[in-house]
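In: sequence and predicted structure, then a few things I'm wondering about:
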Amino acid sequence: MQIRISEELNTILLYARDEAMRTGSYAISADHLMLGILRHGENAACLLLQELGVDLAAFKRFVDSCLFRERSVPYSAEDKMTVGRSAQNVINMAAFEALKVGSEEVQSLHLLLALSRAADTAGAPWLAEKGAGTKEMMERLEARGWRRASAVQTPAEEEVRETMESQIRSLVLITPSSGGGKIPS
């Protein structure tokens, strides 16, 4: 099964890059991915968080407080942006979350589940403390009929990792044909 990044997730990843720049980081971290989900707003991940009683504005303020640096990254330096190891790991885990349910596209819910399982984020413990950890997410999703695919053929871990990392690198390095090499916000 080939796995792709959905348009929704593509937008979230671009927002994550913008959030990293806004918070003063040259590397997109796992927590920047969470900020990307929150900035996108109209996605299944945010809906699930709201169903679990998460105040999205308070969550954003918390994650911002953990990441914010005194200076933002100027747009003239966007070509220096990288994807940090924590973000790469979470994106790879999101691909596996998609494979486990038989999805050919990685969506915001897969990314949220991966983020909730990540050990090196500020957001995951905060969510768990608020009663919106992985266990609660899975219970809510399973109540809606979210089931693991019964006979999913998963590709080798290395193949998925390389495919996802290649797609993520291309998002960070994208330069449209017009606009001076900047990705529109």
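Out: Nice, thanks for sending it over. Source: prediction; values computed, not measured.
In: now do the helices in the protein.
Out: 7-22, 30-40, 44-51, 56-67, 85-100, 108-117, 123-129, 134-143, 157-173 (DSSP state H).
In: Ala77 is nearest to which of the ones you listed?
Out: Smallest distance to Ala77 across the helices of the chain (CB to CB): 8.1 Å, for helix 7-22. C-beta here means a position set from N, CA and C on the backbone, and glycine is covered the same way.
In: about what we covered before: need the helices of the chain in a markdown table with distance to Ser76, mean neighbour count and mean pLDDT, can you?
Out: A markdown table is the format used below for the helices of the chain (distance: least, CB to CB, whole Å; neighbours: other CB atoms under 10 Å; pLDDT from 0 to 100):
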| stretch | distance to Ser76 | mean neighbour count | mean pLDDT |
| --- | --- | --- | --- |
| helix 7-22 | 11 | 22 | 96 |
| helix 30-40 | 20 | 26 | 98 |
| helix 44-51 | 31 | 18 | 96 |
| helix 56-67 | 21 | 15 | 97 |
| helix 85-100 | 23 | 21 | 93 |
| helix 108-117 | 29 | 25 | 96 |
| helix 123-129 | 29 | 18 | 96 |
| helix 134-143 | 39 | 14 | 94 |
| helix 157-173 | 16 | 15 | 55 |
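In: out of those, which is closest to Pro74?
Out: Smallest distance to Pro74 across these (CB to CB): 8.0 Å, for helix 7-22.
In: packing partners for that closest one?
Out: When contacts are defined as 3 or more CB pairs under 8 Å, 6 or more residues apart in numbering; DSSP states H and E, helix 7-22 packs onto strand 27-28, helix 30-40, helix 108-117, helix 157-173.
In: please put the alpha-carbon coordinates of stretch 37-53 into CSV.
Out: Extracted in CSV, the C-alpha atoms of stretch 37-53 (Å, rounded to 0.1, in the frame of the first residue of the first chain):
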residue,chain,number,x,y,z
ILE,A,37,-3.1,21.6,13.4
LEU,A,38,-4.5,24.3,15.6
ARG,A,39,-3.8,27.1,13.1
HIS,A,40,-5.6,25.1,10.4
GLY,A,41,-8.5,24.8,12.7
GLU,A,42,-11.1,23.2,10.4
ASN,A,43,-10.0,19.6,10.6
ALA,A,44,-10.9,16.3,12.3
ALA,A,45,-8.1,16.6,14.8
CYS,A,46,-9.4,19.9,16.2
LEU,A,47,-12.9,18.6,16.3
LEU,A,48,-11.8,15.6,18.3
LEU,A,49,-9.9,17.8,20.7
GLN,A,50,-13.0,19.9,21.2
GLU,A,51,-15.1,16.8,21.7
LEU,A,52,-12.7,15.8,24.5
GLY,A,53,-13.2,19.2,26.2
